[in-house]
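Enquirer: here are the coordinates; sequence isn't available:
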């Protein structure tokens, strides 16, 4: 629940003390484990993302607090197991930031993080270490980032743009003159290649594909809602309209924008 009033400032140690106290005195908090908390961590991360998209600072503050609770929760559970403490978590963060920025904290030479990480971890495969539950669109972006980090990349956005056009043509080869799919398996492969190419084009233009698609989803939802409202204003039942009649409403909404 959002609290619009500015809370009393507290130190992170205060939040950690509350978390430790909850583990001692709250029946629910006491029995939680790393595994049982997994769904809440994912939910809170999505709620932070929603708050950012909404541009609501008070909501973002509260949702970041909920996400921080999850970090502290896992840290305290680990502390109780004797695995590591929240101070170890902070230490690992500081060490990683220093390692990622040698030009600021080290020898002064700015290097690719993906390149440094590859040298350090000696990955067995390109996707080693990526979360298994990572959405496919984000995974594509990260795979391309990793490949680019060791030099396997287009010099600019022209190459990916040409590749997108090439992949569109290859998709078209599997659709006949009547618009029917010729080979379902083959077109799935080609559509995957097209999506991957579009993600690469996004990346080379400084755009994250997931964020671009979010904007497109939101725009489509808003336009579709406006189209339905326009149909009601005109005394029409949207679902009973022909495609051409729906298209006319769509064009009217677009012109109004």
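Expert: In hand now; what should we look at? Just so you know, these numbers come straight off a predicted model, no measurement behind them.
Enquirer: gap between whichever helix or strand residue 196 is part of and the chain center?
Expert: Residue 196 is part of helix 184-204 when elements are defined by DSSP states H and E. On the basis of Cα atoms, centre = their mean, to the nearest Å, helix 184-204 sits 18 Å off its chain's mean C-alpha point.
Enquirer: what's it packed up against?
Expert: When contacts are defined as 3 or more Cβ pairs under 8 Å, 6 or more residues apart in numbering; DSSP states H and E, helix 184-204 packs onto helix 136-149, helix 158-172, helix 209-233. Any C-beta I mention is one placed from the backbone N, CA and C, and that applies to glycine too.
Enquirer: can you redo those helices as JSON lines with mean neighbour count, mean pLDDT and distance to residue 109?
Expert: Converted to JSON lines, those look like this (neighbours: other Cβ atoms under 10 Å; pLDDT from 0 to 100; distance: least, Cβ to Cβ, whole Å):
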{"stretch": "helix 136-149", "mean neighbour count": "18", "mean pLDDT": "94", "distance to residue 109": "15"}
{"stretch": "helix 158-172", "mean neighbour count": "15", "mean pLDDT": "98", "distance to residue 109": "28"}
{"stretch": "helix 209-233", "mean neighbour count": "14", "mean pLDDT": "95", "distance to residue 109": "31"}
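Enquirer: for residue 93, which of those helices is the nearest?
Expert: helix 136-149 (19.9 Å; Cβ to Cβ).
Enquirer: quick one: contacts of that closest one?
Expert: By Cβ atoms under 8 Å, 6 or more residues apart in numbering, the residues outside helix 136-149 that reach it are 112-115, 117-118, 126-127, 130, 134, 153, 195-196, 199-200, 202-203, 208-210, 213.
Enquirer: rerun that using 6 Å as the cut-off
Expert: For helix 136-149, the external contacting residues (Cβ atoms under 6 Å, 6 or more residues apart in numbering) are 112, 114-115, 126, 130, 196, 199-200, 203, 209-210.
Enquirer: now it against helix 184-204, angle please.
Expert: Interaxial angle, helix 136-149 versus helix 184-204 (axes from the mean of the first three to the mean of the last three Cα atoms, to 10 degrees): 60 degrees.
Enquirer: got the angle between helix 136-149 and helix 209-233?
Expert: Orientation check (the same axes, to 10 degrees): helix 136-149 against helix 209-233 gives 150 degrees.
Enquirer: would you agree residue 202 is in contact with residue 209?
Expert: Yes - contact criterion Cβ atoms under 6 Å: residue 202 and residue 209 qualify, at 4.2 Å.
Enquirer: quick one: buried residues of stretch 45-61?
Expert: 47-48, 51, 59-60 (16 or more other Cβ atoms under 10 Å).
Enquirer: what do you get for stretch 19-38?
Expert: Buried residues in stretch 19-38, defined by neighbour count with 16+ other Cβ under 10 Å: 19-20, 22-23, 29, 32, 37.
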